[in-house]
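Visitor: for reference, the sequence and a predicted model appear below.
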Amino acid sequence: MTTAVAIRTGTDADFPPLSPLEWKVVSLAIREAGEDGGAGRRSWLTRLVGSAAGLRPRLPLADPRLETLRRFVGQVRDRADVSDLGPRLIELGFHPGQISAVAMLAR
């Protein structure tokens, strides 16, 4: 029987996978970007109607590592410049292969 580890050995993908929590953050960011309709910033009218309806703005995640990942995915979805977040993610311990995989998924 072949295991997943045996299949991955010797490939170019020799970097650690994202944790389940990190995948949840990626999923959350993709879902939030879809709710915004592709626009990262909401208009003043949208914010006004949302506040009148009792909706609260999105709060940042408590973990700066996960919040940076969330912002990265949101900016990729919005086709915004992510040149400042890529190096920051590497500083926070993400592998460049992980960043590339998340960016491909978020597009």
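Guide: Ah, there it is.

Visitor: D63: how many residues sit nearby?
Guide: By the measure other CB atoms under 10 Å, the count of residues near D63 is 13. All C-beta spots, glycine's among them, are computed from the backbone N, C-alpha and C.

Visitor: what's the pLDDT at it?
Guide: pLDDT for D63: 96.

Visitor: now the longest helix along the chain: average pLDDT?
Guide: Longest among the helix segments of the chain by residue count, using DSSP state H, is helix 20-35. Averaged over helix 20-35, pLDDT sits at 92.

Visitor: gap between whichever helix or strand comes after it and the chain center?
Guide: Next in sequence after helix 20-35, counting helices and strands by DSSP states H and E, comes helix 44-52. On the basis of CA atoms, centre = their mean, to the nearest Å, helix 44-52 sits 25 Å off its chain's mean C-alpha point.

Visitor: format the CA atom coordinates belonging to helix 44-52 as CSV.
Guide: What follows is helix 44-52, C-alpha atoms only, in CSV (Å, rounded to 0.1, in the frame of the first residue of the first chain):
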residue,chain,number,x,y,z
TRP,A,44,-19.9,54.7,2.9
LEU,A,45,-23.4,53.9,1.9
THR,A,46,-22.9,50.2,2.4
ARG,A,47,-21.3,50.9,5.8
LEU,A,48,-24.2,53.2,6.8
VAL,A,49,-26.9,50.6,5.8
GLY,A,50,-24.9,47.9,7.5
SER,A,51,-24.6,49.8,10.8
ALA,A,52,-28.3,50.7,10.7
